[in-house]
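Asks: Below is the structure, and that's it, no one-letter string:
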């Protein structure tokens, strides 16, 4: 049931396009997307499927095939329109990352809090039964890892605060209105399809290929939990299909603590194996709002969802480097 009539916010982004590719492979044919095209573009979506761009004023009650609506998640009237005839909302659209939230905290608040509220409210108005919310470890703040679902949150950055607010509204709409909201806290996702991402793996691969310096904040001993895109998408699909998990939060990550310098060394090895030379590293000032250590205990996801990450970092980086080199060789990088 839940794989029919899906609405995906941020459908042209890295996660959205990867998710659509998987849904189509599972024979899920009626999918509606909304994206403002600020990061993801139509051409990224076109690489995996054909779609029809729809004027929101001409919507039928349910999606017919793959539909794209260009619009802003902060538009509440639009949210209610595009959610008509939908069974499940997968809310991926967001202002992502610590840096952008520090530079423009009001934009971060409006996109991540008002945007999330709008689609929860659209779920209530349209009697949508399931809502999947893409969160992160940022709401937790600086704690002794591994992060788990019962740790009280103390966000360090505006990004962490806005994601925490989204989690709070998910809890409220579950308990007040009975919507089966599920919060997935993603680790640092990487992999094929991330060519325009600003996250560390994608950024370092682009810089290395272009013979630019790889800049590491601080001493590089800060830790992260890197999760390969296919593992993350599998977790979303399971959360959509699983019953009786409304109101729950799940850590979706690799359960492996990796320092930035360890990841960088693995990445450099893979780059060199595939012919990329002259790679240079530089340490720069540590960034405000960054967590020192961050990795997740994923035992709840394993127990309740039957999910576990399958792709280790070395294998995932190898596949990601191959993807970037193939795309750059074809002149894809903008």
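Replies: Noted; the coordinates are in hand. Here the structure is a predicted model, which means the values were calculated and not measured. Numbering: from 1, shown residues only.
Asks: Low-confidence regions, the stretch 51-200 of the chain specifically.
Replies: Applying pLDDT under 70 to the stretch 51-200 of the chain picks out no residues at all.
Asks: before we move on, what SS does the residue of the chain most remote from its centre have?
Replies: Note on the chain: the largest C-alpha distance from the chain mean falls to residue 278, namely 31.5 Å (CA atoms, centre = their mean). Secondary structure, DSSP: H, G, I helix; E, B strand; the rest coil: residue 278 is coil.
Asks: Now do the contacts for it.
Replies: Residue 278 makes contacts with residue 211, as judged by CB atoms under 8 Å, 6 or more residues apart in numbering. The way it works is simple: take the backbone N, C-alpha and C, and place the C-beta from them, glycine included.
Asks: next one: residue 37
Replies: Contacts of residue 37 by CB under 8 Å, 6+ apart are 12, 70.
Asks: Could you look up the SS state of it?
Replies: coil.
Asks: Could you report the distance from it to residue 69?
Replies: 11 Å (CB to CB, to the nearest Å).
Asks: those strands in the stretch 1-150 of the chain, which residues are they?
Replies: 6-9, 31-35, 52-53, 66-70, 88-91, 130-136 (DSSP state E, counting those that start in this stretch).
Asks: Let's have those in a markdown table, adding distance to residue 121 and mean neighbour count.
Replies: Below are these laid out as a markdown table (distance: least, CB to CB, whole Å; neighbours: other CB atoms under 10 Å):
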| stretch | distance to residue 121 | mean neighbour count |
| --- | --- | --- |
| strand 6-9 | 13 | 26 |
| strand 31-35 | 15 | 28 |
| strand 52-53 | 25 | 10 |
| strand 66-70 | 17 | 19 |
| strand 88-91 | 11 | 26 |
| strand 130-136 | 11 | 25 |
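Asks: Run through who's touching stretch 29-36.
Replies: 4-13, 16, 20, 23, 45, 51, 54, 62-73, 78, 82, 86, 93.
Asks: Compute the distance from the centre of that stretch to the centre of its chain.
Replies: The chain centroid and the centroid of stretch 29-36 are separated by 16 Å under CA atoms, centre = their mean, to the nearest Å.
Asks: State the mean pLDDT of that stretch.
Replies: Mean per-residue pLDDT for stretch 29-36: 94.
Asks: now swap in stretch 274-283 and tell me
Replies: 93.
Asks: ends of it, how far apart?
Replies: 25 Å (CA to CA, to the nearest Å).
Asks: distance of residue 15 from residue 109?
Replies: Distance from residue 15 to residue 109, by CB to CB: 21 Å.
Asks: Neighbour count: those two, which is higher?
Replies: The residue with more neighbours, out of residue 15 and residue 109, is residue 15; 26 against 18, by other CB atoms under 10 Å.
Asks: distance of the more buried one from residue 46?
Replies: For residue 15, the distance to residue 46 - CB to CB - is 17 Å.
Asks: Which parts of this structure belong to which domain?
Replies: Listed by automatic domain parsing, the domain ranges of the chain are 6-190+225-256+294-311, 200-221+258-290+319-329.
Asks: Next, report how far the longest one is displaced from the centre of its chain.
Replies: Using CA atoms, centre = their mean, we find the averaged C-alpha position of domain 6-190+225-256+294-311 to lie 7 Å away from the chain's own average C-alpha position.
Asks: Off-centre distance for stretch 263-282?
Replies: Centre-to-centre, stretch 263-282 and its host chain are 25 Å apart (CA atoms, centre = their mean).
Asks: Okay, buried residues for stretch 72-87 please.
Replies: Across stretch 72-87, burial judged by 16 or more other CB atoms under 10 Å covers 72-76, 78-87.
Asks: Just the ones in helices from those residues, please.
Replies: Among those, the ones falling in helices (DSSP state H) are 76, 78-82.
Asks: Check which helices and strands the longest helix along the chain is in contact with.
Replies: Taking DSSP H as the criterion, the chain has its longest helix at helix 158-177. Applying 3 or more CB pairs under 8 Å, 6 or more residues apart in numbering; DSSP states H and E, we find helix 158-177 packed against helix 98-103, helix 105-109, helix 115-125, strand 130-136, strand 180-186.
Asks: Can you name every helix or strand that the third one contacts?
Replies: When contacts are defined as 3+ CB pairs under 8 Å, 6+ apart, helix 115-125 sits against strand 6-9, helix 76-82, strand 88-91, strand 130-136, helix 158-177.
Asks: Residues contacting the second one, please?
Replies: Looking back up the chat, that one is helix 76-82. So helix 76-82 is in contact with 7, 32, 34, 56-57, 59, 69, 71-73, 118-119, 121-122, 125-126, going by CB under 8 Å, 6+ apart.
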